[in-house]
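In: Sequence first, predicted coordinates after that:
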Protein chains: 2
Amino acid sequence: MNCLLIEETELDRATMRVRLDGRRRRHADEILKVRAGDSLRVGLVGGQLGRGEILTLDREVLELAIDLEAEPPAKLPLHVVLAMPRPPVFRRLVTTLASLGVESLLVAGTARTEKSFWQSRVLEQEAIHERMLLGLEQARDTVLPEFSTHRYFESLVDEVLAPRIEGRRAIVAHPAASEPCPHALGEPVTLFIGPEGGFVDFEMERLKQIGFESVSLGPRILRVEPVIPLLVGRLFG
Amino acid sequence: MNCLLIEETELDRATMRVRLDGRRRRHADEILKVRAGDSLRVGLVGGQLGRGEILTLDREVLELAIDLEAEPPAKLPLHVVLAMPRPPVFRRLVTTLASLGVESLLVAGTARTEKSFWQSRVLEQEAIHERMLLGLEQARDTVLPEFSTHRYFESLVDEVLAPRIEGRRAIVAHPAASEPCPHALGEPVTLFIGPEGGFVDFEMERLKQIGFESVSLGPRILRVEPVIPLLVGRLFG
């Protein structure tokens, strides 16, 4: 944790003080090993970054006096559309995507997405929120990416993606593509990451029809966990 | 597993047949769900890629007739020097690095590397070999990256890195760097990835003295697991 995040509802705006327990108290106590009088980097979820002076830290409570002063880092102009992967992989990816600074995450069903994945608890709103906060705390950001799930590929493509990719580069990584993935685009991007085993032909055709370019990442087949940061490193910065 | 890897010592060169049990038999049987008469992508560790025709697949053995015909994909001209991370992270990274196609992995001690990490079983030769094979099988490669450990930062820098980075770009990611990390270098690279918490000043100075450039990845602090593929996507392709 490189920044302790506080929800607006936890902060007393009159005194700019906050009292925390649970994970954040323990982290300050046991991992950061800070004490009363020390100060911590803090952020308000959806708001500014700043410092928190520790007023109390004992086995029950962490009390801070907050001073907010700086804007969070800019988001990448990137929408990620991710075919729902195995739940433990998804769980880690939500944190990684939040830390990388994506604007939005759309989770998609495809022909090769296992139906049972949709029952997983990792998709519950509270679980997503918690995993995103971990990524924001890692990266010193405060703004949660937008999040939505789209279980049916066809309505996702027709109703959501087709209007949403106007004015953006829309890219899908595909092993059979002939064009290598470009570097440093300097424009907003929508990136569709397919399922393990890849898209079926029909899906690839539909994505191309609405304006997705298919690009190659070379002869190696990579897992989704390294592919996402690899594409972020390639397309931005 | 996108390619089943066979060790030279397992292959009967006279008949080009191989009998396997354990993990690879189970994977063919239960995950790939192939049967006698089907064929699988195979590779010889350190050698060529090809196909294996299934002669027998039962609860004890997988017997294949092998036909080798293609060279494995080229490696990235990349040496990764990695400050030893927490063992579970290291374990996953070895597989990821092998799948990405790095030429070599040097594991380093630094001032902020916890001493206890060096006792971990994840550093045993057999464990490294096994985790690398998983990455090669994922990426359809056969060639193990070179691997070495260097517990003492100063001898690593003076005796190993100084001579080894001649004629290469040597890059270290550092939050305080003013230059952004370049794209698509098109030349061999040595990349040093620091520990959680970063290098101490003395270490950064020594790396610069022998020719490392420090580059920035922007205001976000990222974990080592996404940083490595992010840098691979940025520097190559």
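Out: Yes, it's here.

In: Can you pull the residues of chain A lying near chain B?
Out: A:2, A:73, A:96, A:99-101, A:138-141, A:180-181, A:183-184, A:217-223, A:225-234, A:237 (CB under 8 Å from any CB of the partner chain). In short, each C-beta sits where N, CA and C put it, glycine included.

In: List only those of these flagged as buried.
Out: Neighbour-count burial (16 or more other CB atoms under 10 Å in any protein chain shown) applied to the residues of chain A next to chain B gives A:73, A:96, A:99-101, A:138-141, A:181, A:183, A:217-218, A:220-223, A:225-234, A:237.

In: mind listing what's buried in the helix or strand bottoming out on mean pLDDT in chain A?
Out: When each helix and strand of chain A is scored by mean pLDDT, DSSP states H and E, helix A:23-26 comes last, with a mean of 94. Applying a neighbour-count criterion of 16+ other CB under 10 Å, the buried positions in helix A:23-26 are A:24-25.

In: Going along the chain from it, find the next helix or strand for me.
Out: For helix A:23-26, the following helix or strand on the C-terminal side (DSSP states H and E) is strand A:39-44.

In: what helices or strands is that next one leaning on?
Out: If contacts are counted by 3 or more CB pairs under 8 Å, 6 or more residues apart in numbering or on different chains; DSSP states H and E, strand A:39-44 sits against strand A:4-6, strand A:49-57, strand A:62-70.

In: Quick one: closest of those to B:Val42.
Out: Closest approach to B:Val42 among the helices and strands packed on strand A:39-44 (CB to CB): strand A:4-6, 48.9 Å.

In: For that closest one, which helices and strands make contact with it?
Out: strand A:17-20, strand A:39-44, helix A:125-139.

In: Adding mean pLDDT, write these out as a markdown table.
Out: Below are those laid out as a markdown table (pLDDT from 0 to 100):
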| stretch | mean pLDDT |
| --- | --- |
| strand A:17-20 | 97 |
| strand A:39-44 | 97 |
| helix A:125-139 | 97 |
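
In: May I see the ones you listed organised as JSON lines, with distance to A:Met84 added?
Out: Shown next, in JSON lines, are the helices and strands packed on strand A:4-6 (distance: least, CB to CB, whole Å):
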{"stretch": "strand A:17-20", "distance to A:Met84": "33"}
{"stretch": "strand A:39-44", "distance to A:Met84": "29"}
{"stretch": "helix A:125-139", "distance to A:Met84": "13"}
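
In: closest to B:Pro77 out of the ones you listed?
Out: helix A:125-139 (29.8 Å).

In: Give me the domain ranges for chain A.
Out: As assigned by automatic domain parsing, chain A contains the domains A:4-70, A:78-235.

In: hang on, the earlier thing: now, the residues of chain A next to chain B that are in helices?
Out: Judged by DSSP state H, helices contain the following of the residues of chain A next to chain B: A:96, A:99-100, A:138-139, A:225-234.

In: Which of those sits closest to A:Ala162?
Out: A:Leu231 (21.8 Å).

In: any idea of the pLDDT on the closest one?
Out: We have a pLDDT of 98 for A:Leu231.

In: got it, and A:Ala36?
Out: 96.

In: Confirm for me that it is in contact with A:Leu57.
Out: Yes: under the criterion of CB atoms under 8 Å, A:Ala36 makes contact with A:Leu57 at 5.7 Å.

In: between these two, who's got more neighbours?
Out: A:Leu57 (21 against 12; other CB atoms under 10 Å in any protein chain shown).

In: Distance check, that one against B:Gly167.
Out: According to CB to CB, to the nearest Å, A:Leu57 and B:Gly167 sit 52 Å apart.

In: now chain A, which segments are flagged as low pLDDT?
Out: Within chain A, no stretch has pLDDT under 70.

In: nearest residue to A:Arg140 other than its sequence neighbours?
Out: Excluding its sequence neighbours, the residue lying closest to A:Arg140 (CB to CB, 6 or more residues apart in numbering or on different chains) is A:Cys3, at 4.3 Å.

In: I meant A:Met132, not that one.
Out: A:Ala98 (4.2 Å).

In: likewise A:Pro72?
Out: Nearest non-adjacent residue to A:Pro72 (CB to CB, 6+ apart): A:Thr142, at 4.5 Å.
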